[in-house]
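[1] With the sequence up front, the predicted model follows.
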Amino acid sequence: MLPHVDAAILEALGLEATSSKLVSHGGSGFSSTHKLVATKDGQEFTFFVKTGSGPEAEIMFRGEHASLNALNAADPSLRLAPRSYAHGALRSSPGKFFLVTDFLDFNSSASNGTGLSLAAKLAKLHTTPAPIPKGFSKPMYGFPVPTCCGATKQDNTWTESWAEFYAEHRLRAILREGVRQNGQDKELSEAVEKVAAVVVPRLLGDGHLKGVMPVVVHGDLWSGNHGRAKIGQTGGVEEVVFDPSCVYGHSEYELGIMRMFGGFGSRFWKEYESLVPKAEPKEEWDDRISLYELYHHLNHYALFGGGYRSGAMFIMRKLISKYGGGSG
(Lines give C-alpha, C1' and ligand atoms only; values in the text may rest on other atoms or scores of the structure.)
Protein backbone atom coordinates (compact mmCIF):
# COMPACT_ATOMS: atom_id res chain seq x y z
CA MET A 1 0.00 0.00 0.00
CA LEU A 2 1.28 3.46 -0.89
CA PRO A 3 1.32 5.80 2.14
CA HIS A 4 -0.39 8.57 0.17
CA VAL A 5 -1.73 9.44 -3.25
CA ASP A 6 1.21 10.69 -5.27
CA ALA A 7 1.06 14.29 -6.47
CA ALA A 8 1.39 13.22 -10.11
CA ILE A 9 -1.78 11.12 -9.83
CA LEU A 10 -3.69 13.87 -8.03
CA GLU A 11 -2.67 16.41 -10.65
CA ALA A 12 -3.60 14.15 -13.56
CA LEU A 13 -7.08 13.58 -12.15
CA GLY A 14 -7.66 17.06 -10.70
CA LEU A 15 -8.07 15.71 -7.16
CA GLU A 16 -7.18 16.99 -3.70
CA ALA A 17 -4.97 14.97 -1.36
CA THR A 18 -7.29 15.57 1.59
CA SER A 19 -10.22 13.89 -0.15
CA SER A 20 -8.36 10.99 -1.81
CA LYS A 21 -7.20 7.65 -0.45
CA LEU A 22 -5.40 4.70 -1.99
CA VAL A 23 -5.73 1.10 -0.81
CA SER A 24 -4.24 -2.13 -2.11
CA HIS A 25 -6.68 -3.95 -4.37
CA GLY A 26 -6.45 -7.14 -6.43
CA GLY A 27 -3.18 -8.39 -7.81
CA SER A 28 -0.98 -8.48 -10.89
CA GLY A 29 2.11 -10.43 -11.81
CA PHE A 30 3.87 -7.37 -13.17
CA SER A 31 2.72 -4.42 -11.00
CA SER A 32 1.17 -3.34 -7.71
CA THR A 33 -2.56 -2.63 -7.93
CA HIS A 34 -4.68 -0.21 -5.95
CA LYS A 35 -8.16 1.26 -5.62
CA LEU A 36 -8.29 5.05 -5.47
CA VAL A 37 -11.37 6.52 -3.80
CA ALA A 38 -11.80 10.28 -4.07
CA THR A 39 -14.45 12.92 -3.51
CA LYS A 40 -14.78 15.78 -5.97
CA ASP A 41 -17.54 18.40 -5.91
CA GLY A 42 -19.43 16.28 -3.42
CA GLN A 43 -19.38 13.14 -5.59
CA GLU A 44 -17.40 9.98 -4.87
CA PHE A 45 -15.24 8.54 -7.64
CA THR A 46 -13.26 5.30 -7.82
CA PHE A 47 -10.27 4.61 -10.03
CA PHE A 48 -7.90 1.68 -10.56
CA VAL A 49 -4.20 2.43 -10.18
CA LYS A 50 -1.21 0.33 -11.19
CA THR A 51 2.31 1.16 -10.06
CA GLY A 52 5.61 -0.40 -11.05
CA SER A 53 9.35 0.21 -11.11
CA GLY A 54 11.87 0.79 -13.87
CA PRO A 55 11.75 1.40 -17.60
CA GLU A 56 9.83 -1.84 -18.12
CA ALA A 57 6.91 -0.47 -16.10
CA GLU A 58 7.01 2.81 -18.00
CA ILE A 59 6.78 0.98 -21.34
CA MET A 60 4.08 -1.39 -20.08
CA PHE A 61 1.86 1.39 -18.73
CA ARG A 62 2.28 3.58 -21.82
CA GLY A 63 1.25 0.63 -23.98
CA GLU A 64 -1.73 -0.28 -21.81
CA HIS A 65 -2.89 3.37 -21.69
CA ALA A 66 -2.83 3.58 -25.50
CA SER A 67 -4.41 0.13 -25.83
CA LEU A 68 -7.38 0.84 -23.55
CA ASN A 69 -8.07 4.10 -25.29
CA ALA A 70 -7.80 2.48 -28.74
CA LEU A 71 -10.41 -0.10 -27.71
CA ASN A 72 -12.73 2.67 -26.54
CA ALA A 73 -12.09 4.89 -29.55
CA ALA A 74 -13.15 2.15 -31.98
CA ASP A 75 -16.74 2.41 -30.69
CA PRO A 76 -17.35 4.15 -27.33
CA SER A 77 -20.94 2.86 -27.19
CA LEU A 78 -19.72 -0.74 -26.80
CA ARG A 79 -18.48 -0.15 -23.24
CA LEU A 80 -16.03 -3.00 -23.76
CA ALA A 81 -13.05 -1.80 -21.71
CA PRO A 82 -12.15 0.66 -18.96
CA ARG A 83 -10.88 4.05 -20.07
CA SER A 84 -7.36 5.08 -19.15
CA TYR A 85 -6.93 8.59 -17.77
CA ALA A 86 -3.21 9.03 -17.23
CA HIS A 87 0.19 7.39 -16.98
CA GLY A 88 3.59 8.70 -16.05
CA ALA A 89 6.28 9.02 -13.40
CA LEU A 90 5.49 9.20 -9.70
CA ARG A 91 6.79 12.38 -8.09
CA SER A 92 7.63 10.97 -4.67
CA SER A 93 9.22 7.72 -5.84
CA PRO A 94 11.99 8.15 -8.43
CA GLY A 95 12.04 5.35 -10.97
CA LYS A 96 8.43 4.34 -10.29
CA PHE A 97 5.52 4.80 -12.69
CA PHE A 98 1.72 4.72 -12.60
CA LEU A 99 -1.35 4.05 -14.72
CA VAL A 100 -4.87 5.25 -13.78
CA THR A 101 -7.98 3.71 -15.35
CA ASP A 102 -11.67 3.26 -14.69
CA PHE A 103 -12.36 0.96 -11.76
CA LEU A 104 -14.03 -2.31 -12.71
CA ASP A 105 -16.53 -3.48 -10.10
CA PHE A 106 -16.90 -7.23 -10.58
CA ASN A 107 -19.25 -7.46 -7.59
CA SER A 108 -21.68 -4.77 -8.70
CA SER A 109 -25.38 -5.35 -8.11
CA ALA A 110 -26.30 -2.91 -10.88
CA SER A 111 -28.62 -4.01 -13.66
CA ASN A 112 -27.37 -4.98 -17.11
CA GLY A 113 -25.92 -2.16 -19.18
CA THR A 114 -25.91 -2.37 -22.97
CA GLY A 115 -26.95 -6.02 -22.86
CA LEU A 116 -24.46 -6.81 -25.62
CA SER A 117 -22.70 -10.18 -25.50
CA LEU A 118 -18.92 -10.46 -25.64
CA ALA A 119 -19.26 -11.97 -29.12
CA ALA A 120 -21.29 -8.99 -30.34
CA LYS A 121 -18.84 -6.50 -28.84
CA LEU A 122 -15.77 -8.21 -30.31
CA ALA A 123 -17.50 -8.57 -33.66
CA LYS A 124 -18.14 -4.83 -33.78
CA LEU A 125 -14.56 -4.14 -32.70
CA HIS A 126 -13.16 -6.51 -35.30
CA THR A 127 -15.16 -5.00 -38.18
CA THR A 128 -14.43 -1.34 -37.42
CA PRO A 129 -11.68 -0.04 -39.75
CA ALA A 130 -8.53 1.24 -38.05
CA PRO A 131 -7.77 4.96 -38.13
CA ILE A 132 -5.08 6.23 -40.46
CA PRO A 133 -1.88 6.72 -38.43
CA LYS A 134 -0.19 10.09 -38.37
CA GLY A 135 2.17 10.50 -41.29
CA PHE A 136 0.47 7.89 -43.50
CA SER A 137 -2.22 8.09 -46.16
CA LYS A 138 -4.01 4.82 -45.36
CA PRO A 139 -4.52 2.42 -42.43
CA MET A 140 -1.43 0.41 -41.52
CA TYR A 141 -0.62 -2.67 -39.44
CA GLY A 142 1.03 -1.90 -36.11
CA PHE A 143 0.40 0.44 -33.20
CA PRO A 144 1.60 3.93 -32.20
CA VAL A 145 3.64 2.68 -29.22
CA PRO A 146 5.26 -0.56 -28.04
CA THR A 147 2.98 -2.81 -25.98
CA CYS A 148 3.61 -5.69 -23.60
CA CYS A 149 2.14 -9.18 -23.84
CA GLY A 150 2.79 -10.37 -20.33
CA ALA A 151 6.21 -8.90 -19.67
CA THR A 152 7.30 -9.17 -23.31
CA LYS A 153 7.84 -5.84 -25.04
CA GLN A 154 6.39 -5.88 -28.56
CA ASP A 155 7.68 -3.77 -31.45
CA ASN A 156 4.64 -2.45 -33.32
CA THR A 157 6.40 -0.52 -36.10
CA TRP A 158 3.86 0.53 -38.74
CA THR A 159 3.95 -1.93 -41.66
CA GLU A 160 1.95 -1.99 -44.88
CA SER A 161 1.90 -5.78 -45.16
CA TRP A 162 0.22 -7.89 -42.48
CA ALA A 163 2.30 -10.94 -43.45
CA GLU A 164 5.49 -8.92 -43.08
CA PHE A 165 4.36 -7.49 -39.74
CA TYR A 166 3.47 -10.88 -38.31
CA ALA A 167 6.64 -12.60 -39.51
CA GLU A 168 9.04 -9.86 -38.40
CA HIS A 169 7.46 -8.14 -35.40
CA ARG A 170 5.84 -11.19 -33.84
CA LEU A 171 7.46 -14.50 -34.82
CA ARG A 172 11.09 -13.51 -35.41
CA ALA A 173 10.97 -11.00 -32.56
CA ILE A 174 9.66 -13.50 -30.01
CA LEU A 175 12.19 -16.10 -31.16
CA ARG A 176 14.98 -13.63 -30.35
CA GLU A 177 13.49 -13.09 -26.90
CA GLY A 178 13.11 -16.83 -26.33
CA VAL A 179 16.78 -17.40 -27.22
CA ARG A 180 17.79 -14.54 -24.94
CA GLN A 181 15.90 -16.07 -22.04
CA ASN A 182 16.49 -19.78 -22.60
CA GLY A 183 19.64 -20.03 -24.72
CA GLN A 184 20.33 -21.06 -28.30
CA ASP A 185 18.02 -23.72 -29.72
CA LYS A 186 18.85 -24.75 -33.29
CA GLU A 187 15.74 -26.85 -33.87
CA LEU A 188 13.37 -24.17 -32.59
CA SER A 189 15.15 -21.36 -34.43
CA GLU A 190 15.14 -23.18 -37.76
CA ALA A 191 11.46 -24.04 -37.40
CA VAL A 192 10.43 -20.47 -36.58
CA GLU A 193 12.44 -19.13 -39.51
CA LYS A 194 10.85 -21.66 -41.88
CA VAL A 195 7.38 -20.65 -40.69
CA ALA A 196 8.18 -16.93 -40.95
CA ALA A 197 9.81 -17.20 -44.37
CA VAL A 198 7.54 -19.77 -46.04
CA VAL A 199 4.33 -20.52 -44.12
CA VAL A 200 3.42 -16.92 -43.26
CA PRO A 201 3.56 -15.67 -46.88
CA ARG A 202 1.68 -18.80 -47.98
CA LEU A 203 -1.19 -18.35 -45.48
CA LEU A 204 -1.19 -14.59 -44.87
CA GLY A 205 0.31 -13.20 -48.08
CA ASP A 206 -1.11 -9.94 -49.36
CA GLY A 207 -2.29 -11.47 -52.63
CA HIS A 208 -3.68 -14.60 -50.95
CA LEU A 209 -5.64 -13.63 -47.84
CA LYS A 210 -8.80 -11.86 -49.02
CA GLY A 211 -10.62 -8.87 -47.60
CA VAL A 212 -8.31 -8.29 -44.64
CA MET A 213 -8.01 -4.79 -43.20
CA PRO A 214 -6.37 -3.44 -40.04
CA VAL A 215 -8.71 -3.45 -37.02
CA VAL A 216 -7.88 -3.04 -33.36
CA VAL A 217 -7.51 -6.31 -31.47
CA HIS A 218 -7.04 -6.77 -27.71
CA GLY A 219 -3.96 -8.89 -28.34
CA ASP A 220 -3.90 -10.92 -25.10
CA LEU A 221 -7.49 -12.08 -24.77
CA TRP A 222 -7.32 -15.24 -22.71
CA SER A 223 -10.30 -15.87 -20.44
CA GLY A 224 -8.53 -14.31 -17.43
CA ASN A 225 -8.64 -10.93 -19.17
CA HIS A 226 -12.42 -11.00 -19.60
CA GLY A 227 -15.28 -10.72 -17.12
CA ARG A 228 -18.56 -9.04 -16.22
CA ALA A 229 -18.27 -5.76 -14.35
CA LYS A 230 -19.56 -2.24 -13.96
CA ILE A 231 -17.17 0.26 -15.56
CA GLY A 232 -16.49 3.36 -13.48
CA GLN A 233 -19.31 5.48 -12.10
CA THR A 234 -22.07 5.08 -14.67
CA GLY A 235 -23.99 2.43 -16.54
CA GLY A 236 -24.75 -1.15 -15.68
CA VAL A 237 -22.89 -4.45 -15.66
CA GLU A 238 -21.13 -5.20 -18.94
CA GLU A 239 -19.07 -7.86 -20.66
CA VAL A 240 -15.62 -6.29 -20.32
CA VAL A 241 -12.02 -6.97 -21.31
CA PHE A 242 -8.90 -5.58 -19.64
CA ASP A 243 -5.09 -5.79 -19.58
CA PRO A 244 -4.90 -5.33 -23.36
CA SER A 245 -1.86 -5.50 -25.60
CA CYS A 246 -3.41 -3.93 -28.67
CA VAL A 247 -2.34 -3.86 -32.27
CA TYR A 248 -4.08 -2.87 -35.47
CA GLY A 249 -3.99 -6.23 -37.20
CA HIS A 250 -5.99 -9.06 -38.77
CA SER A 251 -9.08 -9.78 -36.66
CA GLU A 252 -8.32 -13.52 -36.65
CA TYR A 253 -5.07 -12.83 -34.78
CA GLU A 254 -7.27 -12.26 -31.70
CA LEU A 255 -8.56 -15.81 -31.87
CA GLY A 256 -5.21 -17.58 -31.47
CA ILE A 257 -4.82 -17.05 -27.74
CA MET A 258 -8.57 -17.43 -27.19
CA ARG A 259 -8.36 -20.93 -28.61
CA MET A 260 -5.03 -21.73 -26.94
CA PHE A 261 -6.35 -21.42 -23.39
CA GLY A 262 -10.07 -21.98 -23.99
CA GLY A 263 -12.76 -20.61 -21.70
CA PHE A 264 -14.96 -19.23 -24.47
CA GLY A 265 -17.85 -21.62 -25.01
CA SER A 266 -19.62 -22.87 -28.11
CA ARG A 267 -22.30 -20.19 -27.80
CA PHE A 268 -19.64 -17.49 -28.05
CA TRP A 269 -17.99 -19.03 -31.12
CA LYS A 270 -21.29 -19.64 -32.91
CA GLU A 271 -22.44 -16.04 -32.41
CA TYR A 272 -19.05 -14.52 -33.23
CA GLU A 273 -18.66 -16.51 -36.45
CA SER A 274 -22.18 -15.50 -37.53
CA LEU A 275 -21.15 -11.84 -37.20
CA VAL A 276 -17.56 -12.01 -38.46
CA PRO A 277 -17.31 -14.42 -41.40
CA LYS A 278 -14.05 -16.30 -41.77
CA ALA A 279 -11.64 -14.68 -44.21
CA GLU A 280 -11.09 -16.36 -47.56
CA PRO A 281 -9.79 -18.95 -48.14
CA LYS A 282 -12.10 -20.30 -45.44
CA GLU A 283 -10.65 -23.81 -45.70
CA GLU A 284 -7.36 -22.45 -44.30
CA TRP A 285 -9.00 -20.76 -41.30
CA ASP A 286 -8.02 -23.46 -38.80
CA ASP A 287 -4.39 -23.33 -39.90
CA ARG A 288 -4.34 -19.53 -39.70
CA ILE A 289 -5.60 -19.68 -36.12
CA SER A 290 -2.87 -22.23 -35.33
CA LEU A 291 -0.33 -19.84 -36.87
CA TYR A 292 -1.60 -17.03 -34.64
CA GLU A 293 -1.68 -19.34 -31.62
CA LEU A 294 1.99 -20.15 -32.28
CA TYR A 295 3.07 -16.65 -31.25
CA HIS A 296 1.59 -17.11 -27.79
CA HIS A 297 3.24 -20.52 -27.30
CA LEU A 298 6.57 -18.89 -28.19
CA ASN A 299 5.86 -15.94 -25.91
CA HIS A 300 5.02 -18.22 -23.00
CA TYR A 301 8.19 -20.18 -23.70
CA ALA A 302 10.17 -16.92 -23.53
CA LEU A 303 8.42 -15.91 -20.31
CA PHE A 304 8.17 -19.24 -18.50
CA GLY A 305 10.25 -21.81 -20.41
CA GLY A 306 9.35 -25.46 -19.98
CA GLY A 307 6.52 -27.18 -21.77
CA TYR A 308 5.48 -24.31 -24.02
CA ARG A 309 8.32 -25.22 -26.38
CA SER A 310 6.68 -28.55 -27.24
CA GLY A 311 3.39 -26.83 -28.05
CA ALA A 312 5.18 -24.45 -30.38
CA MET A 313 7.08 -27.26 -32.09
CA PHE A 314 3.88 -29.28 -32.58
CA ILE A 315 2.18 -26.38 -34.36
CA MET A 316 5.24 -25.62 -36.48
CA ARG A 317 5.76 -29.22 -37.59
CA LYS A 318 2.12 -29.40 -38.66
CA LEU A 319 2.24 -26.12 -40.60
CA ILE A 320 5.64 -26.81 -42.19
CA SER A 321 4.53 -30.28 -43.26
CA LYS A 322 1.44 -28.83 -44.93
CA TYR A 323 2.73 -25.55 -46.35
CA GLY A 324 6.52 -25.58 -46.15
CA GLY A 325 7.49 -28.28 -48.60
CA GLY A 326 7.70 -30.96 -45.90
CA SER A 327 11.20 -30.08 -44.68
CA GLY A 328 12.37 -28.24 -41.58
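    Yep, that arrived. Numbering: from 1, shown residues only.

[2] Helices of the stretch 201-328 of the chain, residue ranges please.
    Secondary structure of the stretch 201-328 of the chain (DSSP state H, counting those that start in this stretch): helices at 253-261, 266-275, 285-304, 308-323.

[3] Tell me which of those helices sits nearest to residue 5.
    helix 285-304 (32.0 Å; C-beta to C-beta). Where C-beta positions appear, they are placed from N, C-alpha and C, glycine not excepted.

[4] So what's the gap between the closest one and the chain middle?
    14 Å (C-alpha atoms, centre = their mean, to the nearest Å).

[5] So which bits of that helix are buried?
    Neighbour-count burial for helix 285-304, counted by 16 or more other C-beta atoms under 10 Å, picks out 285, 287-303.

[6] Also stretch 71-91?
    71-72, 74, 78-88, 90.

[7] What segments of the chain are strands?
    20-24, 32-40, 43-53, 84-89, 96-102, 104-105, 147-149, 152-154, 215-217, 226-231, 237-241, 247-249 (DSSP state E).

[8] Please name the nearest non-neighbouring residue to residue 251.
    Leaving aside its chain neighbours, residue 251 sits nearest to residue 126 (3.7 Å; criterion: C-beta to C-beta, 6 or more residues apart in numbering).

[9] doesn't residue 82 make contact with residue 102?
    Yes - Residue 102 is within contact range of residue 82, at 3.5 Å (criterion: C-beta atoms under 8 Å).

[10] on that earlier part again, right, and the pair among the buried residues of stretch 71-91 with maximum separation?
    Farthest pair in those, by C-beta to C-beta: 78 and 90, 32.0 Å.

[11] Got the confidence number for residue 328?
    On pLDDT, residue 328 comes in at 39.

[12] Same question for residue 10.
    pLDDT for residue 10: 98.

[13] Is it in contact with residue 19, as I believe?
    No - using C-beta under 8 Å, residue 10 is not in contact with residue 19, being 9.9 Å away.

[14] So these two - more neighbours on which side?
    Using other C-beta atoms under 10 Å as the criterion, residue 10 and residue 19 rank with residue 10 on top: 18 against 14.

[15] can you pull the contacts of residue 63?
    Residue 63 makes contact with 143, 145-148, 154, 245-246, according to C-beta atoms under 8 Å, 6 or more residues apart in numbering.

[16] Measure how buried residue 100 is and give me the count.
    With other C-beta under 10 Å as criterion, residue 100 counts 23.

[17] How much space separates it from residue 212?
    35 Å (C-beta to C-beta, to the nearest Å).

[18] quick one: the worst-scoring helix or strand of the chain on mean pLDDT to strand 43-53, angle?
    Least confident element among the helices and strands of the chain, by mean pLDDT, DSSP states H and E: strand 20-24 (a mean of 92). Inter-element angle recorded for strand 20-24 and strand 43-53: 50 degrees (by axes from the mean of the first three to the mean of the last three C-alpha atoms, to 10 degrees).

[19] Could you please name the strands strand 20-24 pairs with and the direction of each pair?
    Note on strand 20-24: by DSSP bridges, its sheet partners are strand 32-40 (antiparallel).

[20] those helices in the stretch 1-150 of the chain, which residues are they?
    Under DSSP H, counting those that start in this stretch, the stretch 1-150 of the chain gives helices at 7-13, 54-74, 118-125.
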